[in-house]
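**Student:** output the structure for:
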Amino acid sequence: MSQLARERQVLRPSQLNALARDLLEGSFAQVWVEGEISNFSRPASGHAYFTLKDERAQVRCALFKPKAQALRFLPRDGLQVLARGRLTLYEARGDYQLVLDHMEEAGEGALRRAFEQLKARLAAEGLFDAARKRPLPAFPRRLGVITSPRGAAVRDVLSVLARRFPLLEVDVLPVPVQGDGAAAQILDMLRRAGASGRYDVLLLTRGGGSLEDLWAFNDEALARAVAQSPVPVVSAVGHEIDSSLTDFAADLRAPTPSAAAELLVPERGELAARLHQRHRQLQALLARMQAARAQRADQAFLKLQALRPQLRLEQGRGRLAALRRRLDLAVAQPLAGAGERTAKLLRRLDQAHPRRRLQDHRHRLQMLGQRLRAAPPQALAQRRMQLQGLARALSSVSPLATLGRGYAILQRESDAAVVRGPDDAAKGTWLRARLAEGTLRLQVGDDQD
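**Tutor:** Down below sits the predicted model:
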């Protein structure tokens, strides 16, 4: 890019188209356009391309395959329509176009605006709040279907109900579902069905159609009656893309009549499986109860046997026999002990009898006499031997032997004390000298060495 181009901020066509696309998409996020279809084409891709025009201008439009297949009418040139979409720019050609997400015939435009205004007002009142909606019964016994008796919707509902839950009682409450006066007749049938007390749940349904075809179900009085019904109400009006005020006011909205039938009742296969499971649980419970009752019956039978008179008598006899055996033992044991004690006493008495004692003393006397007669000679010989031994021992230590060799023993005459030295005998002391043969009386003189 040249210096001149940078100074002038020159854009390339792709840059300009990108800026224009961003500007368009930011300024026109979603718009409604009413006009006449022109140059309608639908190639093999399934998308639809056409032009919407009025007397003075036109705009190119694109309706891609998913949205084109949801149309409830066949677009064609010259048809006046009301379209909703976002404005964008196709950068490759520089053409701006309207990419649509909804399109309806132009005659429905006023109805659509009236529907949206009424819906907003009732919603502001809280008529559509989820908090006021009631749960459906899990196993309804009788269903009231408020619909046309000749439409495809009632056939679909009855077919699904018969297949899923044939036990349900179904009453078709016939009403017109479109046209003048249809809303009033639907309202009257709804009130009568709710007041009858006959039904557990009510189904308000019809097949698909244009907004004008479904307009009876957008009646304000009917929507209020649905919300105030004493019986829960299911609404299945039109196809999944359709919506009505009764759908919002009902306790449950179903996308189609067939879907409503499936939501109303359980599937019998699933129900049979649940019943089979409950049956097994019940059997197990009964088996446990039976076992417990049998155990209690056995215990009661044992208690009853324990309370029978015959059994109690037999038990009494047994106890009596045991008591007799204990009594016999109690009597026999003291007698046996007394006999033993008596025998011991008799033996002790016999041993203490004077005759036995005289015999014992006589026997002891004889033994002592024998010992006495045998004792003197033996004792004398024994004493003699002892004396001889002692004499020999005495002779070996006797002072007499010393005296025999010429020695003498001096003793003071006054006290017989042995004189061992000169200090033991003072002058004039009388002494007695013991010799080997006899004694001498001596007096201590003057000369002492």
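
**Student:** low-confidence ranges, the stretch 301-449 of the chain, go.
**Tutor:** Applying pLDDT under 70 to the stretch 301-449 of the chain picks out residues 305-309, 311, 335-337, 351-353, 395-401, 403, 447-449.

**Student:** can you pull out the strands in it?
**Tutor:** Applying DSSP state E, counting those that start in this stretch to the stretch 301-449 of the chain gives strands spanning 409-412, 430-434, 439-443.

**Student:** mean neighbour count for these - can I get that in TSV?
**Tutor:** C-beta here means a position set from N, CA and C on the backbone, and glycine is covered the same way. Putting these into TSV (neighbours: other CB atoms under 10 Å) gives the following:
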stretch	mean neighbour count
strand 409-412	17
strand 430-434	16
strand 439-443	12
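
**Student:** would TSV of those with distance to Arg150 be doable?
**Tutor:** Formatted as TSV, the strands of the stretch 301-449 of the chain follow (distance: least, CB to CB, whole Å):
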stretch	distance to Arg150
strand 409-412	183
strand 430-434	186
strand 439-443	190
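
**Student:** so which of those gets nearest Arg280?
**Tutor:** Between Arg280 and the strands of the stretch 301-449 of the chain, the tightest spacing by CB to CB is seen for strand 409-412, at 140.1 Å.

**Student:** what helix or strand is Ala83 located in?
**Tutor:** strand 80-90 (DSSP states H and E).

**Student:** partner strands of that strand, parallel or antiparallel?
**Tutor:** For strand 80-90, the paired strands and their directions (DSSP bridges) read strand 31-41 (antiparallel), strand 95-105 (antiparallel).

**Student:** for it, buried residues please.
**Tutor:** Going by neighbour count (16 or more other CB atoms under 10 Å), the buried part of strand 80-90 is Val81, Leu82, Ala83, Gly85, Leu87, Thr88, Leu89.

**Student:** so what's Trp430 up against?
**Tutor:** Under the criterion of CB atoms under 8 Å, 6 or more residues apart in numbering, the contact partners of Trp430 comprise Arg412, Glu413, Ser414, Arg441, Leu442, Gln443, Val444.

**Student:** roughly how far does the residue nearest to the second one when sequence neighbours are not counted sit from Asp424?
**Tutor:** If you skip the residues right next to it in sequence, Glu413 has Trp430 as its closest partner in space, 4.3 Å away by CB to CB, 6 or more residues apart in numbering. Going from Trp430 to Asp424 by CB to CB, to the nearest Å gives 13 Å.

**Student:** same check, this time on Leu282
**Tutor:** Leu282 sits 141 Å away from Asp424, taking CB to CB as the criterion.

**Student:** between these two, who's got more neighbours?
**Tutor:** Asp424 (15 against 11; other CB atoms under 10 Å).

**Student:** how near is that one to Ala433?
**Tutor:** Taking CB to CB, one finds Asp424 at 14 Å from Ala433.

**Student:** try Gln69
**Tutor:** Taken as CB to CB, the span from Gln69 to Ala433 is 182 Å.

**Student:** can you list contacts of the strand holding Ala83?
**Tutor:** Applying CB under 8 Å, 6+ apart, the set of residues contacting strand 80-90 is 17, 20-21, 24-25, 27-37, 52, 61, 75, 95-109, 112.

**Student:** redo that, cut-off 6 Å
**Tutor:** Here strand 80-90 makes contact (CB atoms under 6 Å, 6 or more residues apart in numbering) with 17, 20-21, 24-25, 28, 30, 32-34, 36, 96-106, 109.

**Student:** got a ChimeraX select line for the buried ones in those?
**Tutor:** One line in ChimeraX is enough to select the buried ones among the contacts of strand 80-90; burial here means 16+ other CB under 10 Å:
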select :17,21,24,33,36,96,97,98,100,102,103,104,105,109
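
**Student:** surely Leu202 and Ser235 touch.
**Tutor:** No. With contact defined as CB atoms under 6 Å, Leu202 and Ser235 do not form a contacting pair (9.5 Å).

**Student:** closest to Arg164 out of the strands of the stretch 301-449 of the chain?
**Tutor:** Nearest of the strands of the stretch 301-449 of the chain (CB to CB): strand 409-412, 160.9 Å.
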